[in-house]
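**Student:** Sequence and predicted structure below; questions after.
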Number of protein chains: 4
Amino acid sequence: MYSFKNDYSEGAHPNILKALMKSNMEQTEGYGEDKYSIGAIKLLKDKIKCNDIDIHMFCGGTQTNLTSISAFLRPHEAVISASTGHVLVHETGAIEATGHKVISVKVDDGKLKPIHIKMAIDEHTDEHMVKPKIVYISNPTEIGTIYKKQELKDLYDFCTKNNIILYVDGARLGSALCSKENDIKISDLPRLTDVFYIGGTKNGALMGEALVICKEGLKEDFRYHIKQKGGLLAKGRLIGIQFFELFKNDLYFDLARHANFMAETLKLGIKECGYKFLINSSTNQIFPILHNKTIEKLQENYLFFVWQKIDEDNSAVRLVTSWATKDEHVKSFIDDLKLISK
Amino acid sequence: MYSFKNDYSEGAHPNILKALMKSNMEQTEGYGEDKYSIGAIKLLKDKIKCNDIDIHMFCGGTQTNLTSISAFLRPHEAVISASTGHVLVHETGAIEATGHKVISVKVDDGKLKPIHIKMAIDEHTDEHMVKPKIVYISNPTEIGTIYKKQELKDLYDFCTKNNIILYVDGARLGSALCSKENDIKISDLPRLTDVFYIGGTKNGALMGEALVICKEGLKEDFRYHIKQKGGLLAKGRLIGIQFFELFKNDLYFDLARHANFMAETLKLGIKECGYKFLINSSTNQIFPILHNKTIEKLQENYLFFVWQKIDEDNSAVRLVTSWATKDEHVKSFIDDLKLISK
Amino acid sequence: MYSFKNDYSEGAHPNILKALMKSNMEQTEGYGEDKYSIGAIKLLKDKIKCNDIDIHMFCGGTQTNLTSISAFLRPHEAVISASTGHVLVHETGAIEATGHKVISVKVDDGKLKPIHIKMAIDEHTDEHMVKPKIVYISNPTEIGTIYKKQELKDLYDFCTKNNIILYVDGARLGSALCSKENDIKISDLPRLTDVFYIGGTKNGALMGEALVICKEGLKEDFRYHIKQKGGLLAKGRLIGIQFFELFKNDLYFDLARHANFMAETLKLGIKECGYKFLINSSTNQIFPILHNKTIEKLQENYLFFVWQKIDEDNSAVRLVTSWATKDEHVKSFIDDLKLISK
Amino acid sequence: MYSFKNDYSEGAHPNILKALMKSNMEQTEGYGEDKYSIGAIKLLKDKIKCNDIDIHMFCGGTQTNLTSISAFLRPHEAVISASTGHVLVHETGAIEATGHKVISVKVDDGKLKPIHIKMAIDEHTDEHMVKPKIVYISNPTEIGTIYKKQELKDLYDFCTKNNIILYVDGARLGSALCSKENDIKISDLPRLTDVFYIGGTKNGALMGEALVICKEGLKEDFRYHIKQKGGLLAKGRLIGIQFFELFKNDLYFDLARHANFMAETLKLGIKECGYKFLINSSTNQIFPILHNKTIEKLQENYLFFVWQKIDEDNSAVRLVTSWATKDEHVKSFIDDLKLISK
């Protein structure tokens, strides 16, 4: 059984384990104030080409989202999210648990545009309603699409003009930035967002996300919030070492490029078999529409999610590739599909 | 510079890194439903000699505390803690951030007794005050003392009779259970507590705490709370593998015993130099009272916390040993102290 | 200018003021433990024909909703509401501020049916999502429609079978129970709901809502929650006296019947002028669709909300009548409309 | 039985009921935007001699405290309160329920001084602890003492210098300002506090507190918080009318002066009988120390709280007078005490 269920089925890239081994018996400061974490932050600032940002390390995405969103909002302020947004449905009400409403905006391609934000602002007219204050987007989105530079710029400009914070969930940021369709560089992000995070867990780390706070007013006292929400790891070096390894020789981008390439190869193979896709994704998640019997057959050898019913006979499935996916896995899947589809 | 600041200055015990290496490229289920986590839980149940318990893995202590305490309480219910309790002062109001008051009870030795709980109950008479519902203790306490079996039994019986939950923070549980003065076995705990956690971070793991829920009524839907508070690690295997290694051949207890032995050796050496201690600790934290000039001298070669001012000339310091402390570090510290104390 | 904006534009029914006058200099216990509050609760239990219920008095609807919903839920549990639900949009995220998500279900007539609850349950499959636990409905709904007895019974049965609490916001309960189309008696409610509240503010009281907890498991320690959320009035008699007056000679129902009759009269008059309605309401809120120019004309003499744009030329407006609306106000409005519509 | 239990045993001053009567059938705007509320705010600004303040009306003290404190704080920030502070013990954890720790400072006379604030600041050194941000005091304190102008000035200056907000709970502000020992005018308060509230409930109103926000940065969006916490009364005029009546001819101060005078008379009478007091209060609460048998005898005719055990034979009791206390009640109490004490 090979799994295309997600991009966190394996452990970490070997370089990371090697680095953990090598540093293991050194004594360091706790709580992310060690030389490895400091080094990783410095390296990230170099890559992002910006010194005027604050970087904090977290264990996971939900924790990153809930800690930062609650730190940035006053009690009456709310988040705007696409109807597909991860914070909206798949984090067990983590944002609401910190006291804030998440306003859902129905979209088809997973992406928010200025018009959506305008609608949400216009609907919230007075103190009997919450006040929209953060726009939450994911890049790539939860359904694999990405924001083009101009789209992100338009959104950011609109937010800024309306005194709204633009927050980018980058759980799979590597995959977005390495997509063939992408025209955004990591060093563009401080000029296109207020806050974003660089996901490690889904791109080769054991765990770890690096939150980048660009907007000045959001930086103060941030470590208090990490501690309060339970996110300040005693051995913070564990995340520092990983991000250092991931960005040392641009390994992070190599891994993401590989994952995307595997997805692209899958996509081509599936297309060749005559199948259509639910959505056009250029990242490491793809959503082919298959006949239910084909799905059953494939499930004998592969794990993946059945994403959405299309009609009585067909469903869209989700296939996720990763830094660890090998050519042979992809080839074998396509060969099997061809066989089944005959 | 050698650090006696805490027991999380190094990485992990080498066995753990080896196990991570070995399993690295296997694909497993996410979110703690992998075979390693399942295996670790089975192993822990064997060691605790109880099947009727639920075990959940967390990244760190504050997260464990806040997630479980908020899961167990209704909004008007409160926690009782010793004035030295970690949740009371050193977790940035994490419990209050989930909506619950922590009631402080002044104690000298870090330990709560039934009389303290009775006082707190008696003071909270009606609906104008919170309702005490959880007693939070640490074993060992934050100042290194431990609960004897009878003390814990008395406390648990009193809590049970008063419909109060007894929660044991076991960030350094290994050190308590391996103390020379201890008479509690890990398999006693389900009959002496409602909930406790087994700390990994401070006893050889990269990170990780295993929460053990003994009381039936507290078990339902617990994973929802872990996810909501950001504690559900995508690669949950990371903690599962560690706890499996720690408990496989009782490594956990070996490491704790070693840490205690190092502390004991330190203590003896310091006593021989004629110094007194702030408190009589039998675990891996000791609190000698030294002359301020002696402290300054020692700080040239060692890192440690100055804990408390005693008088104009003397202060208590905290020295922490760990699984990674070597004989030579202890010997060197004592030799230096002898030299300075001449 | 006469206002049809809402049913809380005037003070209180004169009987209430008289009763306040009469009792004014008596000394009573505080916090709702006075003889008037106790008397009002006894009287309400008689009217509801049930002794096995707990009744608590509040100052307003949002406070009633947030206090009780947060008292009934564990942190991971959520509320299901119609898309028109008051808690969803018009209470500034009051429920979310206590930590709970409100799940929106799109409906046209303001009413939730078992099928809607089933959908919400089916979509929330595991611990990565919140757990639906309370169904919040309003009777009458926010758009004036009411639940028939069988509809409420079906909903309640479905909820009960699925271990879900049915909560009825009765801000305008009098108007629902006195609607010509209604077949529910107030004494039916303990068998058709788990919790409901009887709104006073919108039916002749200065302020005040009486929460009725029917389900046994929801009763414990409830006064703690009222106090904690700031709802325990020192001079609780103020609400007790009002509810006593309102229910003494069924004044509450007389007032609601009057308000409904005024709305019915308005409706007939408007119909006679040839206008249609956005929705068929049998309570004290009606939603005629008027030409925008007609609306402008009417606004010279009357206050009301323009509710919804219908097309370029027409909008639905909301007209609300109350216990204080007089025949002459209704007559004058219809006369003016006739004149304008010629 | 005459009750000296508190100052909210009766209804409202007759002028208030008359004003409610008179305005009853007028239609007004809802939610505190009516002409009466606007008029009351204007009048209060005149009395306070300051236009640069925002005034909001609430139903009760706990609601005022929890709404404003949670509106002013970020999640990691905390409140400092005297150990006798109302928010600390007698509001069912209302502040903690909004997510914030209340730090207790032990004091004997109920009053906080700069030294206490300094201690709390000094103890909270880094992100592992909450950050003190609001100093909560009551004037008069919960045990009847008052702040002198210089004391308040020193405290305010110290807070301001340390970027801390000074919040004054004025549940009995009238009594403080009308105390013989007082040297503060209501018009001094904007220069001596950041926020304070003027209590109506305990000085002649049916209910109602007027929050005065002096500090600019705390004013924004405040009505959102009132609504979210359930404090925005639909018929806001109810409070507006009351505050207008209370301040129209300085009735508020007349009532407070009367309550204080009644307490003073009681105090003198009790002193003459040879009794001592727990604390020297110059407001409407006094705390004589009586023999337990004397207390029992008095309890046959009077209601009051036994406040604190002094020794085996004696206890301090609390006697509270109010705007409604009559000479005859005081005289009768003293006569009875004299008789018993013979």
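**Tutor:** Noted; the coordinates are in hand. Residues are numbered from 1 along each chain as shown, chains lettered A, B, ... in the order given.
**Student:** Isn't A:Tyr2 up against A:Asp336?
**Tutor:** No - A:Tyr2 is not in contact with A:Asp336 according to C-beta atoms under 8 Å; the separation is 10.2 Å. The C-beta positions use only the backbone N, C-alpha and C, and glycine is treated the same way.
**Student:** And the longest helix along chain A, what's buried?
**Tutor:** For chain A, the helix with the greatest residue count under DSSP state H is helix A:251-272. Within helix A:251-272, the residues that count as buried by 16 or more other C-beta atoms under 10 Å in any protein chain shown are A:251-267, A:269-270.
**Student:** try stretch A:211-226
**Tutor:** Buried-residue list, stretch A:211-226, by 16+ other C-beta under 10 Å: A:211-215, A:218, A:222-226.
**Student:** Please apply the same query to stretch A:14-32.
**Tutor:** Quick answer for stretch A:14-32 (16+ other C-beta under 10 Å): A:15-17, A:19-21, A:23-24, A:27-32.
**Student:** can you list the domains in chain A?
**Tutor:** As given by automatic domain parsing, the domain ranges for chain A are A:14-251, A:254-341.
**Student:** right, is the shortest one up against chain C?
**Tutor:** No - legend: contact between domain A:254-341 and chain C by C-beta under 8 Å from any C-beta of the partner chain is lacking; minimum distance shown is 12.1 Å.
**Student:** Quick one: name the residues of the stretch 151-300 of chain A near chain D.
**Tutor:** Checking the stretch 151-300 of chain A against chain D by C-beta under 8 Å from any C-beta, the hits are A:221, A:223-228, A:232.
**Student:** For A:Asp250, the count of nearby residues, please.
**Tutor:** Residues lying near A:Asp250 (other C-beta atoms under 10 Å in any protein chain shown) number 12.
**Student:** What separation do you get for it and chain C?
**Tutor:** 32 Å (C-beta to the nearest C-beta, to the nearest Å).
**Student:** before we move on, what about A:Gly99?
**Tutor:** 5 Å.
**Student:** Not counting its neighbours along the chain, what's nearest that residue?
**Tutor:** C:Ala97 (4.8 Å; C-beta to C-beta, 6 or more residues apart in numbering or on different chains).
**Student:** got the residue ranges for the helices in the stretch 101-250 of chain A?
**Tutor:** For the stretch 101-250 of chain A, helices defined by DSSP state H, counting those that start in this stretch occupy the ranges A:114-123, A:149-161, A:173-177, A:189-192, A:222-228, A:237-248.
**Student:** which other helices and strands contact the fourth one?
**Tutor:** Put plainly, it is helix A:189-192. helix A:149-161 (3 or more C-beta pairs under 8 Å, 6 or more residues apart in numbering or on different chains; DSSP states H and E).
**Student:** Buried residues in the helix it packs on, which are they?
**Tutor:** By neighbour count on 16+ other C-beta under 10 Å, the buried set for helix A:149-161 is A:151-152, A:154-156, A:158-159.
**Student:** these two touch, right, A:Ala210 and A:Thr201?
**Tutor:** No - A:Ala210 lies out of contact with A:Thr201 (C-beta under 8 Å); the separation is 11.0 Å.
**Student:** Which residues of the stretch 1-150 of chain A lie near chain C?
**Tutor:** Near chain C, when you scan the stretch 1-150 of chain A using C-beta under 8 Å from any C-beta, you find A:75-76, A:78, A:89-93, A:96-102, A:104, A:127-130.
**Student:** I'd guessed A:Ser138 sits against A:Asp169; true?
**Tutor:** Yes - with contact defined as C-beta under 8 Å, A:Ser138 reaches A:Asp169; the gap is 4.2 Å.
**Student:** Overlap of the contact sets of the two?
**Tutor:** Here A:Ser138 and A:Asp169 have A:His86 as joint contacts, going by C-beta atoms under 8 Å, 6 or more residues apart in numbering or on different chains.
**Student:** Compare these two and say which is more crowded by neighbours.
**Tutor:** Neighbour count, other C-beta under 10 Å: between A:Ser138 and A:Asp169, A:Ser138 has more, with 30 against 25.
**Student:** could you check the distance from A:Ser81 over to chain B?
**Tutor:** From A:Ser81 to chain B the distance is 17 Å (C-beta to the nearest C-beta).
**Student:** Any idea what that residue is bridged to?
**Tutor:** Note on A:Ser81: beta-bridge partners by DSSP bridges are A:Ser104, A:Tyr136.
**Student:** Please apply the same query to A:Tyr2.
**Tutor:** A:Tyr302.
**Student:** Any idea how many residues pack against it?
**Tutor:** 17.
**Student:** Pull the contacting residues for it.
**Tutor:** A:Tyr2 neighbours (C-beta under 8 Å, 6+ apart): A:301-303, A:329, A:332-333, B:27.
**Student:** now stretch A:240-254: mean pLDDT?
**Tutor:** For stretch A:240-254, the mean per-residue pLDDT is 98.
**Student:** what does stretch A:209-226 give?
**Tutor:** Rounded mean pLDDT across stretch A:209-226 is 98.
**Student:** What of stretch A:309-323?
**Tutor:** On average, stretch A:309-323 scores 97.
**Student:** Same check on stretch A:60-76?
**Tutor:** 98.
**Student:** For chain B, tell me whether it is touching it.
**Tutor:** Yes - residues of stretch A:60-76 are located near chain B by C-beta under 8 Å from any C-beta, namely A:60-67.
**Student:** Which members of these occur in strands, if any?
**Tutor:** Applying DSSP state E to the residues of stretch A:60-76 next to chain B, no entry is found in strands.
**Student:** ok, so of these, who is nearest chain B?
**Tutor:** Lowest distance from chain B to the residues of stretch A:60-76 next to chain B (C-beta to the nearest C-beta) belongs to A:Gln63, with 3.1 Å.
**Student:** Who are the packing partners of the longest helix of chain A?
**Tutor:** Using 3+ C-beta pairs under 8 Å, 6+ apart: helix A:251-272 touches helix A:173-177, helix A:237-248, strand A:276-277, strand A:285-286, strand A:314-320, helix A:327-341.
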